[in-house]
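[1] 3D model of this:
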Amino acid sequence: MGINQLNAMPEVKASLPIDRAAGWRITDLLPTLWVLLAAAALVDWFVTRTVTRFAIFIPKTPAMITGYQALTWGGQVGSTLAALAALLGVVGMVTVEWRSRRAWWLALPLAGLAAITSLAPFFPPAVWLPGYYLLATTVLLVFGGRILHTPATSAVRLALLLPLLAMLAAALFQAAPTLYNVLHWPGPPAWGTPLFRLGEGLVVLGAAAFWWAYGRDADRRSWLIGSLPAFLFGVAYLAAPAMTATIVVWSNGLTLSLPWLIYAGALLLFGVTVTHNLRSGRRTVAWALLLIAAAGYAPQLSSQFWFGVIGLWLLIEDSRQVGN
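    Residues are numbered from 1 along each chain as shown. This is a model prediction of the structure:
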């Protein structure tokens, strides 16, 4: 899909602001960047974190080993491109928030996070982890305030709040060891595991909320196409429950602590929602949903956290500009 096609989409142009003070249109660049980012993030998710790890369980002939090495290399390229595109996306977000809105309370934490993640390889984790989690939590809390004040419907606000709360729960769970170490408290905290499980439940509820807000008008074809991921998950789980659960943890961070049918139902609704928005022309919403899914629950890499932040920001922008 080319730049001209993207700029011709009314909902894409409406969902991203224009930097008039700088004399150029951010919408001319960002829509294409979101498509590239979503594509690279899906490669990172499906190839690097899913297919190549699934291949660990399969005996390999010499030809399969060669194919596995090529697949691994391609996944690494996709993951690298996704990380670079995410960083560019953050720069675009900071530019929009600072130059178009003067929203320094969001632009500064975003810029600080980008700086920390860029400089992290040069310093030990103990130096930058506290600041990283503090800024990440700040960004999510600012997002929460925007969601509560968005002119969108209650269904859209709920659909945005649930994944945000899941991201907050995961961030607090991951920050707990660093916090306890800084404060010299004995750990691990008793609230860590319940908080993690709560966040996982919010992920499942978020899929249903996304469907209600963005996909409940889906037609029969969208249901047919969107049900394929849930069908494949169900078949894989029934054939090899332990292996499937392990792959899901590696791929998306979910532990499958709830009954597997709940996850299958959530995946069905999410797949239908993405398919419906792609087919109906609301592609920005579809890209944002895919980015949130590619981020996974409790992401282990900063680039994956950026997928979720950018996806959520796009949905908030859509709700603020389009009004749903």
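[2] Please work out the average pLDDT along stretch 187-202.
    Averaged over stretch 187-202, pLDDT sits at 91.
[3] before we move on, what about stretch 111-124?
    89.
[4] in it, what counts as buried?
    111, 112, 113, 114, 116, 117 (16 or more other C-beta atoms under 10 Å). The C-beta positions use only the backbone N, C-alpha and C, and glycine is treated the same way.
[5] And stretch 135-148, by the same measure?
    135, 136, 137, 138, 139, 140, 142, 143, 144, 146, 147.
[6] SS state for the third one?
    If I follow you right, that is residue 137. helix (DSSP: H, G, I helix; E, B strand; the rest coil).
[7] count of neighbours near the residue nearest to it when sequence neighbours are not counted?
    Among residues not flanking residue 137 along the chain, residue 171 sits closest, at 5.7 Å (C-beta to C-beta, 6 or more residues apart in numbering). For residue 171, the neighbour count with other C-beta atoms under 10 Å is 20.
[8] and what of the one 5 residues further on?
    The criterion is other C-beta under 10 Å. On that basis, residue 176 has 19 neighbouring residues.
[9] for it, what are its contacts?
    When contacts are counted by C-beta atoms under 8 Å, 6 or more residues apart in numbering, residue 176 touches 187, 188, 189, 192.
[10] Can you list the buried residues in the helix or strand it falls within?
    Assigned by DSSP states H and E, residue 176 belongs to helix 154-183. Neighbour counts over helix 154-183 (16+ other C-beta under 10 Å) mark 156-176, 178-179 as buried.
[11] how far is that helix from where the chain is centred?
    Per C-alpha atoms, centre = their mean, to the nearest Å, the displacement of helix 154-183 from the mean C-alpha position of its chain is 13 Å.
[12] Follow the chain on from that helix and name the next helix or strand.
    helix 192-210.
[13] Could you identify the helix or strand that succeeds that next one?
    Once helix 192-210 ends, the next helix or strand along the chain (criterion: DSSP H and E) is helix 220-226.
[14] Give me the contact list for whatever helix or strand comes next after that following helix.
    Proceeding N to C from helix 220-226, the next assigned helix or strand is helix 228-239, under DSSP H and E. For helix 228-239, the surrounding residues in contact (C-beta under 8 Å, 6+ apart) are 243, 244, 245, 247, 260, 263, 264, 265, 267, 268, 271.
[15] Just want the angle from the helix or strand following helix 228-239 to helix 228-239.
    Proceeding N to C from helix 228-239, the next assigned helix or strand is helix 241-252, under DSSP H and E. Helix 241-252 runs at 140 degrees relative to helix 228-239, counting by axes from the mean of the first three to the mean of the last three C-alpha atoms, to 10 degrees.
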